[in-house]
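J.: Just the structure for this:
(one chain, ligands or ions: 1)
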Amino acid sequence: MNDADQDTTEMLDEQPNRGNRLYPRVTSFRSRRGALTEPQQQTWDRLWPQLGRDVGDDQLDIDAWFGRSAPVVLEIGSGTGTAAVSMARAEPGVNLIAVEVYRPGLAQTLQRIERTLDTDSPVTNVRILRGDAVEVLEKMVAPGSLTGVRVFFPDPWPKARHHKRRLLQAPTFSLIADRLVPGGVLHVATDHAEYAEAIRETGDAEPLLKPLSGESPISLERPVTKFEGKAHQVGSTISEMVWGKIGA
Ligand SMILES: C[S@@+](CC[C@H](N)C(=O)[O-])C[C@H]1O[C@@H](n2cnc3c(N)ncnc32)[C@H](O)[C@@H]1O
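T.: Numbering: from 1, shown residues only. Next up is the predicted model:
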């Protein structure tokens, strides 16, 4: 991550979000401009109306959106959708929602889905939300409605003065825990050792979560994500953490 980018972004969006009901905070993402390529735009025009939504104030009717009732898994920060599409293919019985702020990443996710549609195994169980995952959880997702939340390689914001931008802090753990069904699973992976330690400590301190010990209601297999591929190349160690919501 480029410090100059971070600093510019900080000036742009460090204003507390006064509409936020839970806590004033800075966002965990950089404001990145990104134009779509022509093919990405064409795929976007074809698939977004059916598969995509922008973050909004209304609670989602997830079953209606997918056209079926099934366990719901939310992936936060889905990037270009490598993991989302691969997991949806591996778990056809799950309704998978990918949340991301970066539009070109979402367009690539739609392209990945579209490439499967005229094959023998079309991927039909992914929906896409564009916006801040914290807002999505707060406004659009009902308490006790998610079987899984996956956060793979959240931005580590390595400098101490940027730690306040990290997504996985106590209020987000508490929000995620509230939105999980009893027995639901939060699955996190990071390649950043110090962030991993902070995540583990904060997750363990959340009263509604406990490190998962028994069976999981959803797969704990994790495809190699695009970001993880780069982490492997530079020899980083990957930390993986899984909690279950109490009360199953
Ligand atoms: C380091 S990338 C990892 C992407 C992907 N999970 C992977 O492993 O390849 C982190 C992603 O999280 C997204 N992100 C950060 N904060 C977010 C938020 N609050 N809501 C939605 N997406 C967010 C960023 O835009 C970025 O694409």
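J.: Only the C-alpha atoms, please, for stretch 112-119, written as PDB.
T.: Written as PDB, here are the backbone C-alpha positions of stretch 112-119 (Å, rounded to 0.1, in the frame of the first residue of the first chain):
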ATOM      1  CA  ARG A 112     -15.900 -14.500 -13.400                       C
ATOM      2  CA  ILE A 113     -19.600 -15.400 -12.800                       C
ATOM      3  CA  GLU A 114     -20.500 -14.700 -16.400                       C
ATOM      4  CA  ARG A 115     -17.800 -17.100 -17.700                       C
ATOM      5  CA  THR A 116     -19.500 -19.900 -15.800                       C
ATOM      6  CA  LEU A 117     -23.000 -19.300 -17.100                       C
ATOM      7  CA  ASP A 118     -22.800 -21.300 -20.300                       C
ATOM      8  CA  THR A 119     -20.800 -24.100 -18.800                       C
END
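J.: Which strand residues bridge the residue nearest in space to the middle of the chain?
T.: Centroid-nearest residue in the chain, with C-alpha atoms, centre = their mean: Ile76, separated by 0.5 Å. In this structure, Ile76 has beta-bridge partners Val99, Val151, where bridges are defined by DSSP bridges.
J.: So it is in contact with Arg150, correct?
T.: Yes: contact status for Ile76 versus Arg150: in contact at 7.1 Å, counting by C-beta atoms under 8 Å. The way it works is simple: take the backbone N, C-alpha and C, and place the C-beta from them, glycine included.
J.: looking at this, Thr109 is in a helix?
T.: Yes: assessed by DSSP: H, G, I helix; E, B strand; the rest coil, Thr109 belongs to a helix.
J.: now it: how far from the ligand?
T.: Per C-beta to the nearest ligand atom, to the nearest Å, Thr109 is found 10 Å from the ligand.
J.: Got phi/psi on Gln169?
T.: Recorded main-chain torsions at Gln169 are phi -120, psi 170, according to degrees, to the nearest 10.
J.: Contacts only, for it.
T.: The neighbours of Gln169, taking C-beta atoms under 8 Å, 6 or more residues apart in numbering as the test, are Thr202.
J.: Residues of this structure that sit close to the ligand?
T.: Proximity of the chain to the ligand is confined to 28-29, 76-79, 99-102, 105, 132-134, 152-155, 167, 225-228 under the rule C-beta under 6 Å from any ligand atom.
J.: Just the buried ones from those residues, in PyMOL syntax?
T.: Buried members of the residues of the chain next to the ligand, identified by 16 or more other C-beta atoms under 10 Å, are gathered into one PyMOL selection as follows:
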select buried, resi 28+29+76+77+78+79+99+100+101+102+105+132+133+134+152+153+154+155+167+225+227+228
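J.: Give the residue farthest from the middle of this structure.
T.: Distance to the chain centre peaks in the chain at Asp120, reaching 27.8 Å (criterion: C-alpha atoms, centre = their mean).
J.: how close does that residue get to the ligand?
T.: As defined by C-beta to the nearest ligand atom, Asp120 lies at a distance of 27 Å from the ligand.
J.: Distance check, that residue against Ala170.
T.: Computed with C-beta to C-beta, to the nearest Å, the distance linking Asp120 and Ala170 is 46 Å.
J.: and Leu96, how many neighbours?
T.: Residue crowding around Leu96 was assessed by other C-beta atoms under 10 Å; the count is 28.
J.: isn't there a strand covering it?
T.: Yes: counting by three-state DSSP, Leu96 is part of a strand.
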